[in-house]
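Participant: What follows is a protein structure lacking sequence information:
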């Protein structure tokens with residue numbers, strides 16, 4: 001029992017036991033700051049990045065670690081209740097197992113922190129690459145699709161107007177009827193284009209994103225997302241500190257249990273009690 005507790009103590013106190021190293025090499029996410037991503041409307045950008053992440057091995061590893069943590073959390077509750085209800089040697093065995101399970105929980109939580117940190121760092125790097133591309137290209141609108149549609153609409157209107165003039169000249173014999181018939185069709189097409197542009201501009205996926213109720217452009221939105229990722233990394237550092245203190249408490253529990261087991265074994269070993277040597281003086285001063 002003492003040897004097992006010492007091994008447990010050493011493993012719990014070691015920083016590396018909490019998974020403080022880099023995330024596993026196979027649990028990766030490598031998003032590209034592609035032209036397609038740069039051209040997306042700002043309101044759709046974050047969702048597109050989230051979907052890309054969900055298809056990555058890193059997301060799979062995070063989900064699996066989350067499930068394992070949920071299972072271990074439930075198991076810790078059951079073990080704690082079992083320890084409280086047990087007595088004697090059975091209680092000691094359950095206490096030792098409880099300590100081992102707490103150590104395993106901390107190691108798994110440390111791995112989750114590593115994976116989460118990898119996700120945030122990758123996301124932050126992606127935002128920075130997208131911002132660099134936007135600055136380099138310059139003049140990239142938040143709504144390129146709507147801008148192109150507006151340009152096409154203006155060109156179509158010019159062509160319609162030129163066509164109207166040509167048709168009017170060709171059909172001068174019945175100019176009023178021709179102008180009326182073609183003009184009605186032209187207006188119908190122009191109204192349809194206007195409705196399409198308005199629908200695109202009003203679409204939820206095409207709306208300018210907002211920060212604290214204020215509309216922002218794509219660059220400012222990306223800077224906001226980068227700031228959020230940095231804040232989450234800072235919070236993760238705080239969680240790592242909490243995890244380290246939890247590990248220290250497990251180690252202290254292991255030390256206390258080891259001392260308690262030693263004291264109890266000494267009491268039950270049947271070794272004679274050490275007495276004051278002066279109690280045996282009478283054996284030596286009396287004549288033989």
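Facilitator: Here it is on my side, so go on. This one's a predicted model, so the numbers in the text were calculated from it and none came from an experiment.
Participant: pLDDT below threshold where in the chain?
Facilitator: Within the chain, the stretches with pLDDT under 70 are 1-25, 138-214, 268-288.
Participant: Strands along that one, start to end?
Facilitator: Taking DSSP state E to define them, one finds strands in the chain at 210-211, 214-215.
Participant: If we ignore the residues flanking it in sequence, what's nearest residue 104?
Facilitator: Spatial nearest neighbour of residue 104, excluding adjacent residues (Cβ to Cβ, 6 or more residues apart in numbering): residue 72 at 6.7 Å. Every C-beta, even on glycine, is put in place using the N, C-alpha and C of the backbone.
Participant: I misspoke; the intended subject was residue 112.
Facilitator: Leaving aside its chain neighbours, residue 112 sits nearest to residue 65 (4.6 Å; criterion: Cβ to Cβ, 6+ apart).
Participant: Kindly report the same for residue 223.
Facilitator: In space, residue 223 comes closest to residue 131 once its chain neighbours are excluded; the distance is 6.9 Å by Cβ to Cβ, 6+ apart.
Participant: before we move on, the earlier item: my read: the residue nearest to residue 104 touches residue 105, true?
Facilitator: Yes - between residue 72 and residue 105 there is a contact under Cβ atoms under 8 Å: 4.8 Å.
Participant: So residue 221 versus residue 79, what's the distance?
Facilitator: Distance, residue 221 to residue 79, using Cβ to Cβ, to the nearest Å: 47 Å.
Participant: Look at these two and report which has more neighbours.
Facilitator: Applying other Cβ atoms under 10 Å to residue 221 and residue 79 shows that residue 221 carries more neighbours, namely 21 against 18.
Participant: right, and that one touches residue 42 too?
Facilitator: Yes - applying Cβ under 8 Å, one finds residue 221 in contact with residue 42, separated by 4.8 Å.
Participant: so where do the helices sit in the protein?
Facilitator: Taking DSSP state H, the helices of the chain run over residues 2-13, 35-39, 42-54, 57-85, 88-137, 144-170, 175-202, 218-268, 281-285.
Participant: Go through the fourth one and flag the buried ones.
Facilitator: It refers to helix 57-85. 58-59, 61-62, 65, 68, 72, 79, 83 (16 or more other Cβ atoms under 10 Å).
Participant: okay, these in a markdown table with distance to residue 100 next?
Facilitator: What follows is the buried residues of helix 57-85, written out as a markdown table (distance: Cβ to Cβ, whole Å):
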| residue | distance to residue 100 |
| --- | --- |
| 58 | 29 |
| 59 | 30 |
| 61 | 24 |
| 62 | 25 |
| 65 | 19 |
| 68 | 16 |
| 72 | 11 |
| 79 | 10 |
| 83 | 12 |
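Participant: And those, which is closest to residue 97?
Facilitator: Lowest distance from residue 97 to the buried residues of helix 57-85 (Cβ to Cβ) belongs to residue 79, with 6.4 Å.
Participant: Can you tell me, leaving aside adjacent residues, what's nearest to the closest one?
Facilitator: Nearest in space to residue 79, with sequence neighbours left out and distances taken as Cβ to Cβ, 6+ apart, is residue 98 at 4.7 Å.
Participant: The one you found and residue 130: what is the separation?
Facilitator: In this view, residue 98 and residue 130 are 48 Å apart by Cβ to Cβ.
Participant: ok so, going back, of the buried residues of helix 57-85, just say which sits nearest to residue 125.
Facilitator: residue 58 (13.3 Å).
Participant: so that closest one touches residue 31, yeah?
Facilitator: No - look at residue 58 against residue 31 with Cβ under 8 Å: they stay out of range, at 10.3 Å.
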